[in-house]
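A.B. asks: Have a look; sequence and predicted model below, questions after that.
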Amino acid sequence: MAVIAAFVLNAGLNFILGLVIAKLLGPADFGRFALATAGAIVLNTLLFEWLRLSATRFYSQRVRTGEPWIRHGLDRAYAVLGLALFAAAMLCAGFGIEAGPESRGALLAGTAFAALGIGVFDYHAALARARFDGGLYLGLVALKNALAFTLMVATAWYLPQPACVLVAFAVGQCASVFLLRGPLRDPAAPVHRVRLRETWRLFMVYGLPLIAANAIYQAMPFLNRATLAAQAGFAEAGYFALAADVTLRSLSTLGTALDLLLFQLAVRAEEVSGAAEAERQVARNAATVVALLLPCAVGFWAVLPALQALVVPEAYRGPFAAYALLLLPGLFCLAMMNFALNPVFQIRRRTMPVIAASVLGLAVNGAGLLVLPPLMGPAGIALAQTAGLAAAFLGLALRALAGPERLRLPWREIAAAAAACLAMGLALAPLRALPPATALALCVPLGAAIYGALVWIFDIAGLRGAVEERFRGRHPAPAE
């Protein structure tokens, strides 16, 4: 529960932070900030993501004491790559100081520092989750959010330059890890250099295909935002970026929390009961992910007009809802790949199909960029991204769910979740036309009540049983 609580906290503060930064910087500078942030995510993915994924797959409480070379290998690889990135950031900063905070050198330096901050924080957060230390993870996330929110908002207020805000973001990430460095440490153990080389080879074989795919998925919005900025200006790219970020967070925040919790359960099932039980756990996890993320997507669609009118800064209204509506199906497909399909290949340690799906998506996205913008204008770029992500999802789903090694999903549970979401969407659709405050006040509780009731009555994806088991664990029946 601490993992879920941490992600609820993270989601709320990140949502508010994005809106505040967008308002303080304005559309044009927020477009630059969003473009640099997308670049930082791509850079972090290329340099560090293979190590973070390896931490979630190979590190655990048992490994912490029984196989210390796993942590040694992770720490040393992070240190080497982090120092190289820090040196590159300082070099860019040297050029940026002379040219000013608005220069390309300053923005590149901010991008590199932001990538370093993301890498440092995500790695240590992954270690806490892999140890099932919910309290430590919650404390790390809470501290990071408090520092990042304070530093970024203050910087955007006093120094409203994208590069400065990016540096403040990086400082908040790294400072939270530094302040909790004590509980994050492992017990001291001698370093086995032969084991280190074997460990790095294991990490690369497992993680590099995944980070190549992730880099492609991160490069897609980067490419699309850059194309939009070139064709329609940075302000239009800012509209696109805010809609994409808010829509993605509405799905990925809960999805990431579920994935990090559920995938560790699959890893533990493999350690205790073998590969067959791990695959069954992955199939159950996929049904749970669908049952919890699909209503998020339908609910976001229902409250989108009210959200735009009440929460989104005035300068972004109009384009925000238009872009969000076009991007939502593709971003839902991305969430399904990340949190339902990718774990199939991760638990099997055969991750090459993930790359093939991402290449297919990038190709479809690129074809869409050539064909759709001349016909539809800026909206064509959003549709190109959605088409690319949908194509990647279909390709990966065919690989996971067809053939002799196909994953056997609980299709009844998935169909029940889809039917419940359809009922919820039909009930909420008339409310979208109401005044924004009324619509938001009605849609959220009514949607939750409808879907929650259907889940409870039909025990969709076993969620009712999970809640009842949790409740019994907290309140055991008295002995007779």
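C.D. replies: Received the coordinates, thanks.
A.B. asks: ranges for the helices of the stretch 301-450 of the chain?
C.D. replies: Assigned helices in the stretch 301-450 of the chain, in chain order: 319-336, 342-348, 352-376, 379-401, 411-428, 436-458 (criterion: DSSP state H, counting those that start in this stretch).
A.B. asks: As a markdown table, these with mean pLDDT would be great.
C.D. replies: As requested, the helices of the stretch 301-450 of the chain are exported to a markdown table (pLDDT from 0 to 100):
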| stretch | mean pLDDT |
| --- | --- |
| helix 319-336 | 94 |
| helix 342-348 | 88 |
| helix 352-376 | 93 |
| helix 379-401 | 94 |
| helix 411-428 | 95 |
| helix 436-458 | 94 |
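A.B. asks: nearest to residue 21, of these?
C.D. replies: When the helices of the stretch 301-450 of the chain are compared for distance to residue 21 using Cβ to Cβ, the nearest one is helix 319-336, at 15.0 Å. Every C-beta, even on glycine, is put in place using the N, C-alpha and C of the backbone.
A.B. asks: who does the closest one touch, helix- and strand-wise?
C.D. replies: When contacts are defined as 3 or more Cβ pairs under 8 Å, 6 or more residues apart in numbering; DSSP states H and E, helix 319-336 sits against helix 234-273, helix 275-310, helix 379-401.
A.B. asks: dump the residue contacts of the residue lying closest to residue 388 once chain neighbours are set aside.
C.D. replies: The spatial neighbour of residue 388 that comes closest, neighbours along the chain excluded (Cβ to Cβ, 6 or more residues apart in numbering), is residue 365 at 3.0 Å. With contacts taken as Cβ atoms under 8 Å, 6 or more residues apart in numbering, residue 365 has the following neighbours: 220, 223-224, 384-385, 387-389.
A.B. asks: can you tell me which two in the residues you listed are farthest apart?
C.D. replies: Checking the contacts of residue 365 with Cβ to Cβ, the most distant pair is 223 and 387, at 13.8 Å.
A.B. asks: low-scoring stretches of this protein, by residue?
C.D. replies: Under the criterion of pLDDT under 70, the regions of the chain flagged as low confidence span 1-8, 11, 95-101, 194, 470-480.
A.B. asks: Which residue, other than its chain neighbours, is closest to the residue nearest to the spatial centre of it?
C.D. replies: In the chain, the C-alpha nearest the mean C-alpha coordinate belongs to residue 252, at 4.7 Å (Cα atoms, centre = their mean). Nearest-residue entry for residue 252: residue 335, 6.0 Å, with adjacent residues in sequence omitted and distances by Cβ to Cβ, 6+ apart.
A.B. asks: burial measure for the one you found, as a count.
C.D. replies: When neighbours are defined as other Cβ atoms under 10 Å, residue 335 has 27 of them.
A.B. asks: That one: what's it in contact with?
C.D. replies: Applying Cβ under 8 Å, 6+ apart, one finds that residue 335 lies in contact with 251-252, 255, 293.
A.B. asks: For the nearest residue to residue 288 once chain neighbours are set aside, grab the count of nearby residues.
C.D. replies: Across the structure, with Cβ to Cβ, 6+ apart as the measure, the residue nearest residue 288 apart from its sequence neighbours is residue 461 (5.0 Å). For residue 461, the tally of surrounding residues (other Cβ under 10 Å) stands at 24.
A.B. asks: for residue 461, what are its contacts?
C.D. replies: 284, 287-288, 290-292, 410, 413-414, 416-417, 455.
A.B. asks: other SSEs contacting the longest helix seen in the chain?
C.D. replies: Scanning the chain for the longest helix, with DSSP state H as the assignment, gives helix 2-58. Contacts of helix 2-58 with other secondary structure elements, assessed using 3+ Cβ pairs under 8 Å, 6+ apart, are made with helix 69-99, helix 104-130, helix 134-158, helix 162-179, helix 193-232, helix 234-273.
A.B. asks: any idea which of these is most buried?
C.D. replies: Comparing those by mean neighbour count (mean count of other Cβ atoms under 10 Å), helix 104-130 ranks first with a mean of 24.
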